[in-house]
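Engineer: Any chance you could fold what I've pasted below:
(2 chains)
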Amino acid sequence: MLQKKICMVGAFATGKTSLVARYVQGIYSDKYQTTVGVKIDKKKMTIASQDLNLILWDIHGEDEFQKIKLSYLRGSAAYILVADGTRRDTLCTVFNLQAKVEQTIGSVPFMTILNKYDLTTDWELDEDDLDQLSQRRWPYCVGSAKTGLGVEECFKQLVQ
Amino acid sequence: MLDVPQPLIHFLATMVIQDRFPAYLQTTKEGRLLTAGGAWDRYHFNPLTGHQPVTDQLWFLAGLLPAPEAAIHIPFLQLEENIIAEVHIFAEPEQDWVILLDATAENAKQVLIQQKVNDLSLLRRKQSHGLDQAIQPDPVAAHNLDLPPEGERKFLTILLLKYFDLPKLAGERSVAHPIKQLDTDLSTLSPLIMDEGGLLYQSIGSAIVAIFGALPTTRHPPLQAVVASMRILELLQDHHRFSTADALCPWGLVLTSGTLIIGLQPVGFGRTLTVLGQPLDLALNLYDRIEAGTLIIDNLTFDQLDQMQNILYR
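Structural biologist: Next up is the predicted model:
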């Protein structure tokens, strides 16, 4: 069966693990548990009557002390950049990381997901931020691992 | 190769085999399994079939084989809920090797530390977030000042941060944009000031003033202030480069040091932090000389840093 490696990258506590858990197992937990290293999951899907195994690499969040090892990205068919919509600086991290990832694995498809849309009162991103994504012609979606909003669509759009 | 006696090599090998549950496999350059052995049971994999594509059997290897020239090292790889493996992949001319070692215990230790770091970062961000909070002395920090009611003289370092884009942004029709831009930058820089034991003191025009040495500390204020300044310049430069494609950081910094009068004056129902003295005046006087992306250091701060360096490297 065809296998495609997809990496989840972003700042720490943006919800990468929760997005994978929502997508693969359909579950969500409110408790924040940091990822150290990499968690790997598998999701089987069918696109245009072709069976496909998505190998999801949930890579630890980047912060001052824990930088992403770029060797993790080797062999990726695509990647998902995750920003936390309630922390604008995580979008800066996404811009920063995208440049590094592209330098490492070249130009492969990617999606940006602006997570935690359920936290409407804390939401910091606005039109200007979305404009920045549009100006770069980056495909993005707004979503929530908690409610499931946009999660399935994000992965589907990327794979398609 | 290190010259290590044979009994020691034997001891180390036994220790690794006992504690780290090594498992290995060897593949052809086409990714077909040649041999496998060691403690595979530990990692809960299904039995492996020889001469079949290894990525069909061990899907975590998808994309990693054939091994590149430089060995791949993945310190913590979680496949099953409670088992974490350290993975090494390296190439030989005719075949590739994959080695797994149990890293569950080491990972558990790291998770504890990283969880604390991340929780504190989120908490720190929450506290420093918001323009109103960021340009006022943090009330929690102010309580820790431990100042006599009449105030006192203290050796402090003043950090003045000038925001060059503010006049331009203030001229824009939109009111929200300048406030948002300033808020974003403040959210970035205020944790760095707090990390080094600094206190955000006041906002004056296009400048923000922070003080070092007011809060209890074991380090010298000029050193705290310099470390914070370097981190601020580096981080803001990065943020602006990626968000506006402008290579120049729109912030310029001044550091001055000296003995100042510091006190908490009662105002209404609360108390306001007051700082008076020549170093603060000097920082304000240097306002017009600041250039974007640069740091000006006054003589006294420089001498203090120089003295510390002499002590450290004597």
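Engineer: Now for residue 15, how many residues are close by?
Structural biologist: Just so you know, I chose chain A. For residue A:15, the neighbour count with other Cβ atoms under 10 Å in any protein chain shown is 27. Where you see a C-beta, it was placed from the backbone N, CA and C, and this is true even at glycine.
Engineer: Not quite, go with chain B.
Structural biologist: Neighbours around residue B:15, by other Cβ under 10 Å: 10.
Engineer: Smallest gap between chain A and chain B, at which residue?
Structural biologist: At 2.0 Å from chain B, residue A:75 is the closest residue in chain A, using Cβ to the nearest Cβ.
Engineer: I'd guessed that residue sits against residue B:62; true?
Structural biologist: Yes: counting by Cβ atoms under 8 Å, residue B:62 is a contact partner of residue A:75 at 6.7 Å.
Engineer: all helices of the stretch 1-150 of chain B, in order?
Structural biologist: For the stretch 1-150 of chain B, applying DSSP state H, counting those that start in this stretch gives helices covering B:6-20, B:54-57, B:104-128, B:131-135, B:139-143.
Engineer: Please apply the same query to chain A.
Structural biologist: A:16-25, A:89-105, A:127-135, A:151-159 (DSSP state H).
Engineer: can you tell which of those helices is closest to residue B:113?
Structural biologist: Closest of those to residue B:113 is helix A:16-25, at 17.8 Å (criterion: Cβ to Cβ).
Engineer: That closest one and chain B in contact?
Structural biologist: No: judged by Cβ under 8 Å from any Cβ of the partner chain, helix A:16-25 stays clear of chain B, getting no closer than 10.2 Å.
Engineer: Residue numbers of the stretch 1-150 of chain B in contact with chain A?
Structural biologist: Checking the stretch 1-150 of chain B against chain A by Cβ under 8 Å from any Cβ, the hits are B:55-56, B:59-60, B:62-64, B:68, B:72-79, B:84, B:107, B:110-111, B:114-115, B:117-119, B:121-122, B:125.
Engineer: again, only this time at 7 Å
Structural biologist: Residues of the stretch 1-150 of chain B found near chain A (Cβ under 7 Å from any Cβ of the partner chain) are B:55, B:59-60, B:62-64, B:72, B:74-79, B:84, B:107, B:110-111, B:114-115, B:117-118, B:121-122.
Engineer: Can you select the buried ones from those in PyMOL?
Structural biologist: Buried members of these, identified by 16 or more other Cβ atoms under 10 Å in any protein chain shown, are gathered into one PyMOL selection as follows:
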select buried, chain B and resi 55+59+60+62+63+64+72+74+75+76+77+78+79+84+107+110+111+114+117+118+121
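Engineer: residues in contact with residue A:40?
Structural biologist: Shown in contact with residue A:40 (Cβ atoms under 7 Å, 6 or more residues apart in numbering or on different chains): A:55-57, B:60, B:77-79.
Engineer: do residue A:47 as well
Structural biologist: When contacts are counted by Cβ under 7 Å, 6+ apart, residue A:47 touches A:159-160.
Engineer: in the sheet, who's paired with it?
Structural biologist: Per DSSP bridges, the residues bridged to residue A:47 are residue A:50.
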